[in-house]
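Q: build me a model from this:
(one chain, ligands or ions: 1)
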Amino acid sequence: MYVKICGLSEPAHVAAAVEAGADAIGFVMTRSPRRVTPERAAELASAVPGHVLTVGVFRGEDPETVRAAALTSGVRAIQLHGRHPHADFLALRDLGPTLVRAVDSEADLRCGAYDEDLLLVDAPHAGSGQPWDWAAVRGRPSGRWLLAGGLSPDNVAEAIAAADPWGVDVSSGVETAPGVKDPALIEAFLKAVRSAG
Ligand SMILES: O=C(O)c1ccccc1N[C@@H]1O[C@H](COP(=O)(O)O)[C@@H](O)[C@H]1O
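A: Numbers count the residues shown, from 1 in each chain. Presented below is the predicted three-dimensional model:
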């Protein structure tokens, strides 16, 4: 099970996620309590070992803004929320990053339909920490897809059993307050995923 920990803004929390065994780490570079500048994301990403994917998270920005932030931060993946058109993914393809299309359950759930590499199926309001009906998407997405939206150490095993995803993604559920990550919760989340199989 692939695990992404998202919305990191402190070096100690990046280190905790790497130490706990995260496969990917996300830096939010759009409006959010977790927002970091591309320069701050670059600092944080520089401490991430090569086997862990660094992901820049965006929502609704135009491709040129995303391109500039991705180049400054040096992230190796770009996650686009907000129903971007297919053309936006094609416009970023030449940068060479892993492209992640983040959608809610009403969207086209075929990974690759927009030339993306990974699909992320999230709650209608991304980053809100609100659980939703994970079972509603069971068997619907095709290809490599991550489940997100209201996951936590306490419910991630249930969510995996309900939706049967390829991977999971968490932000609010490993925080003590919006934007404040907790290393113990990050570790507990990874342990819960590994125990769930
Ligand atoms: O985290 C945010 O604030 C955010 C803002 C804008 C777009 C996406 C955002 N986060 C993404 O939301 C999901 C799950 O979040 P949560 O666990 O329910 O809080 C995750 O993919 C984050 O990358």
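Q: scan the chain for its longest helix.
A: Longest helix in the chain by number of residues (criterion: DSSP state H): helix 183-196.
Q: that one and the ligand, any residue contact?
A: No. Against the ligand, helix 183-196 shows no contacts by C-beta under 6 Å from any ligand atom, the least distance being 9.9 Å. Placement of C-beta: from N, CA and C, glycine included.
Q: how far away from the center of its chain is that helix?
A: Offset of helix 183-196 from its chain centre (C-alpha atoms, centre = their mean, to the nearest Å): 16 Å.
Q: now stretch 56-63
A: The answer for stretch 56-63 is 13 Å, by C-alpha atoms, centre = their mean.
Q: what mean pLDDT does it get?
A: Stretch 56-63 comes out with an average pLDDT of 96.
Q: any idea which residue of the protein lies closest to the ligand?
A: At 2.4 Å from the ligand, G127 is the closest residue in the chain, using C-beta to the nearest ligand atom.
Q: contacts only, for that residue.
A: Contact analysis of G127 by C-beta atoms under 8 Å, 6 or more residues apart in numbering lists 7, 28, 32, 34, 171-172.
Q: now those residues: which count as buried?
A: 7, 28, 32, 34, 171-172 (16 or more other C-beta atoms under 10 Å).
Q: and A68, how many residues sit next to it?
A: 12 (other C-beta atoms under 10 Å).
Q: which SSE is it in?
A: Element membership for A68 (DSSP states H and E) is helix 63-73.
Q: buried ones in that helix?
A: So, applying 16+ other C-beta under 10 Å, buried residues of helix 63-73: 63, 66-67, 69-70, 73.
Q: up against the ligand, what does this protein have?
A: So the chain meets the ligand at 6-7, 26, 28, 30, 32, 34, 57, 59, 81, 120, 122-123, 126-129, 148-151, 169-173 (C-beta under 6 Å from any ligand atom).
Q: got the contact list for the residue nearest to A68 when sequence neighbours are not counted?
A: Of all residues not flanking A68 in the chain, P38 sits nearest, at 7.4 Å (C-beta to C-beta, 6 or more residues apart in numbering). Residues near P38 by C-beta under 8 Å, 6+ apart: 29, 56, 68-70, 72-73.
Q: one step back: who's in contact with the helix holding A68?
A: Against helix 63-73 from outside (C-beta under 8 Å, 6+ apart): 27, 29, 38-39, 41-42, 45, 54, 56, 58, 61, 78, 80, 88, 91-92, 95, 97.
Q: measure stretch 108-123 end to end?
A: 15 Å (C-alpha to C-alpha, to the nearest Å).
Q: swap that for stretch 80-88, sorry
A: End-to-end distance for stretch 80-88, by C-alpha to C-alpha: 9 Å.
Q: what's the answer for stretch 151-158, then?
A: End-to-end distance for stretch 151-158, by C-alpha to C-alpha: 9 Å.
Q: pull out the buried positions in it.
A: Buried-residue list, stretch 151-158, by 16+ other C-beta under 10 Å: 151-153, 156.
Q: now it: mean pLDDT?
A: If you average the pLDDT over stretch 151-158, you get 98.
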